[in-house]
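Trainee: Structure, please.
(2 chains)
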Amino acid sequence: MSLKSSDTHEPRYEVLWPLSRRAVKDTAAAPRIPDLNDKTVCELWDVIFRGETIYPLVREYIKARFPRVKFVGYSEFGNFHGAREHQVTATLPDKLRAHHADAAIVGIGA
Amino acid sequence: MLRAAAVVEQMGIPTASIIGSGFLKQAEVIVKGLGVPLAIGVYPGAPMVDSEQDLERKVEEMLAPGLLQGLTGESPHVADAKAEPAPGQVVFSGTFDEVQEHFYRQLWTDGLPIVPPTRGRVDAFLACTDRKPEEVIRVVAQDGREASILSIAVNGVMAGCRPEYMPVLIAVIEAMCDPLFRIEDCGSTPGWEPLVIVSGPIINELDFNYGQGMMRVGRQANSSVGRFVRMFLRNICGFRIPPGAGDKGSIAQSFLVAMAEDEDSARAFGWPTFAEDRGFARGENVVTVHSVVSITSPIYSAGARAIDHVQQWAELIGGSFTYWAHTGFKTGLWSPLIVAGPSIAEVIAREWSKGEVRHYLYEHIKVTAERATHYAQMTSTPTFSFERLVEDGILPPEYAASSDPQRLLNVIIKPEMVEILVAGDPGRNQSRAYMSNHVQGPPTSRRVELPKDWKKRLQH
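Mentor: All right, here's what the predicted structure looks like:
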């Protein structure tokens, strides 16, 4: 229940927007790949939340449906979270290009 | 984590990201702020508490199909953003109570009444800086909004600051916008809070409390500057707890009132001030922002020798902070901030320099490798390994000098990471310590820029 003042002489306030301009340019998502056979999927992991168990299970699941998919393991890319987040993230484009990445799985936020 | 996915997606490479179901609302805010649509595979619940069988089942039934769909199905898209007002635009007109209600419903307040940000009040703040209202310090995560001088003024008004605090507020946001501070991580699950420390003549000019009761609300400068920090994080960065989203502090803590140093006492003992320790000259006005994830109990210590007090600090700081130090081990950085009561600091300073205090604490707070590894595994990192951290150059070699799980390791990674501030009740023998959250919010300082006619403006 909102408060209602009984003071009819109460002043009114014209108040300014307390947020600021959103300054991010929206970009479209990359095109998806309906058939992962003969494609390279790179794994990026922030070394937390049981990725050492989760990633192999995901790999197995995708391979069962696309037997000729190739995976590049997370150890190739380094931990992009924590101590060297900015430095490691900056190296990702070159590493992904070097591995001819077609797609990537990124985790884990939990 | 989604920021890395956005980098990849912007290369034209499709991604699918692994997100726990409890983080979906936060992910939605982050994706909007990044401006890049991201496909998400959902892990139901919290992987850290699931059995192997449950984890396998959840991956098979939910996560892996979602990731596959994200890579092979339709491209994700972000809903078109709603049109927003222009900065500085009047968005509401009403009585005091109506303004409170409107702002609360829009999720623009912290739940306490705010001072209505009218143009006149905001202009009074802007008059206390020589900087232009439209100047942008940085575009900040996670909403992707501009940290502008105007936005600082509006939120400063709302938090109950006085106009003359404006130079301090600007310096606080400049420090928090330093990439090393990682403002984007202010909504992480530990729920840490930025703590502002004020140094220099401005302490007395603005009436900051550095004596008895200095961490209580009650003194306008300390209280409102602390409140401003959280208001800014909420409105400009987009860190909101439910019914909003974006702030994932799982249990978290509320704002901390700003601190200031008893600089006269520190100088009288012959110790450098906190600001001098951080590389600033005597007489400079400085703010330092320092994350706080944990606070000790009050530490009472007695005796006329330095060792009587520093030994007590080592025991109590070790008892409180050793558990969370594993996050510092993972990143190579964490900082304990000791607020030393003036009477205690005086006894210590008769015999020891601050450097000797730091070295003692570094040498005497220990944890076994087995215990630190256990804490890391319990939190988030089953693969935690001191050997790997040393190999990667994150920790010094001594952390992997032996494979004995019972070997004792220094909880404080380097002596210079210890921060010491003289403040509090001179009539009592009490200190307290504050722990930073590893690389998130390390101590970051900025000089306070005063307007040209500062003294004149102070008199108004």
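Trainee: what sits against the residue in the stretch 101-250 of chain B that chain A sits nearest to?
Mentor: In the stretch 101-250 of chain B, no residue comes nearer to chain A than residue B:144, which is 3.5 Å away by CB to the nearest CB. Using the backbone N, CA and C atoms, a C-beta is placed for each residue, glycine as well. Residues in contact with residue B:144, defined by CB atoms under 8 Å, 6 or more residues apart in numbering or on different chains, are A:22-24, B:32-35.
Trainee: Save those as CSV, and put in neighbour count, distance to residue B:381 and pLDDT too.
Mentor: Below are the contacts of residue B:144 laid out as CSV (neighbours: other CB atoms under 10 Å in any protein chain shown; distance: CB to CB, whole Å; pLDDT from 0 to 100):
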residue, neighbour count, distance to residue B:381, pLDDT
A:22, 17, 34, 95
A:23, 16, 35, 94
A:24, 17, 31, 90
B:32, 21, 29, 88
B:33, 24, 27, 89
B:34, 23, 26, 91
B:35, 17, 31, 91
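Trainee: now those residues in CSV, with distance to residue A:32 and secondary structure?
Mentor: Below are the contacts of residue B:144 laid out as CSV (distance: CB to CB, whole Å; DSSP: H, G, I helix; E, B strand; the rest coil):
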residue, distance to residue A:32, secondary structure
A:22, 27, strand
A:23, 28, coil
A:24, 23, coil
B:32, 21, helix
B:33, 23, helix
B:34, 19, helix
B:35, 19, coil
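Trainee: What is the nearest of those to residue B:420?
Mentor: Comparing the contacts of residue B:144 against residue B:420 with CB to CB places residue B:33 closest, at 37.2 Å.
Trainee: Distance of the closest one relative to chain A?
Mentor: 6 Å (CB to the nearest CB, to the nearest Å).
Trainee: Residue B:79: neighbour count?
Mentor: For residue B:79, the count of nearby residues is 8 (other CB atoms under 10 Å in any protein chain shown).
Trainee: Residue A:73 against residue A:43, yeah?
Mentor: Yes: applying CB atoms under 8 Å, one finds residue A:73 in contact with residue A:43, separated by 5.7 Å.
Trainee: Which one of the two is surrounded by more residues?
Mentor: Higher neighbour count among residue A:73 and residue A:43: residue A:43, with 20 against 12, using other CB under 10 Å.
Trainee: Low-confidence bits of the chain, can you list those?
Mentor: With no chain named, the answer covers chain A. A:1-8, A:110 (pLDDT under 70).
Trainee: again, only this time at 50
Mentor: Across chain A, the ranges flagged by pLDDT under 50 are A:1.
Trainee: quick one: the helices in it?
Mentor: Assigned by DSSP state H, chain A shows helices spanning A:51-65, A:85-98.
Trainee: Then the stretch 251-400 of chain B?
Mentor: Using DSSP state H, counting those that start in this stretch, the helices found in the stretch 251-400 of chain B span residues B:263-269, B:274-277, B:306-321, B:325-331, B:342-351, B:354-364, B:369-379, B:386-391.
Trainee: ok, and what's touching the fifth one?
Mentor: Spelled out, it's helix B:342-351. Under the contact criterion CB under 8 Å, 6+ apart, helix B:342-351 has outside partners B:262, B:265-266, B:268-271, B:301, B:303-306, B:308-310, B:340, B:357, B:420, B:422-431.
Trainee: what ranges of the stretch 101-250 of chain B fall below the confidence cut-off?
Mentor: Counting by pLDDT under 50, the stretch 101-250 of chain B contains no low-confidence range.
Trainee: Quick one: name the residues of it near chain A.
Mentor: Residues of the stretch 101-250 of chain B lying near chain A by CB under 8 Å from any CB of the partner chain: B:101, B:103, B:108, B:116-119, B:122, B:136, B:139, B:143-148, B:150-151, B:154-155, B:158, B:179, B:182, B:235-236.
Trainee: pretty sure residue B:159 is touching residue B:227, no?
Mentor: Yes: here residue B:159 reaches residue B:227: they are 4.3 Å apart, a contact under CB under 8 Å.
Trainee: that older thread, output the helices of the stretch 251-400 of chain B as a markdown table; include the columns mean neighbour count and distance to residue B:11.
Mentor: What follows is these, written out as a markdown table (neighbours: other CB atoms under 10 Å in any protein chain shown; distance: least, CB to CB, whole Å):
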| stretch | mean neighbour count | distance to residue B:11 |
| --- | --- | --- |
| helix B:263-269 | 18 | 51 |
| helix B:274-277 | 24 | 43 |
| helix B:306-321 | 20 | 41 |
| helix B:325-331 | 25 | 27 |
| helix B:342-351 | 21 | 54 |
| helix B:354-364 | 19 | 44 |
| helix B:369-379 | 17 | 32 |
| helix B:386-391 | 16 | 28 |
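Trainee: Using a markdown table, lay out these together with mean pLDDT.
Mentor: Output for those, formatted as a markdown table (pLDDT from 0 to 100):
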| stretch | mean pLDDT |
| --- | --- |
| helix B:263-269 | 97 |
| helix B:274-277 | 98 |
| helix B:306-321 | 98 |
| helix B:325-331 | 96 |
| helix B:342-351 | 98 |
| helix B:354-364 | 98 |
| helix B:369-379 | 96 |
| helix B:386-391 | 96 |
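Trainee: Redo those as a markdown table? Include distance to residue B:416.
Mentor: Formatted as a markdown table, the helices of the stretch 251-400 of chain B follow (distance: least, CB to CB, whole Å):
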| stretch | distance to residue B:416 |
| --- | --- |
| helix B:263-269 | 18 |
| helix B:274-277 | 9 |
| helix B:306-321 | 16 |
| helix B:325-331 | 14 |
| helix B:342-351 | 18 |
| helix B:354-364 | 7 |
| helix B:369-379 | 21 |
| helix B:386-391 | 19 |
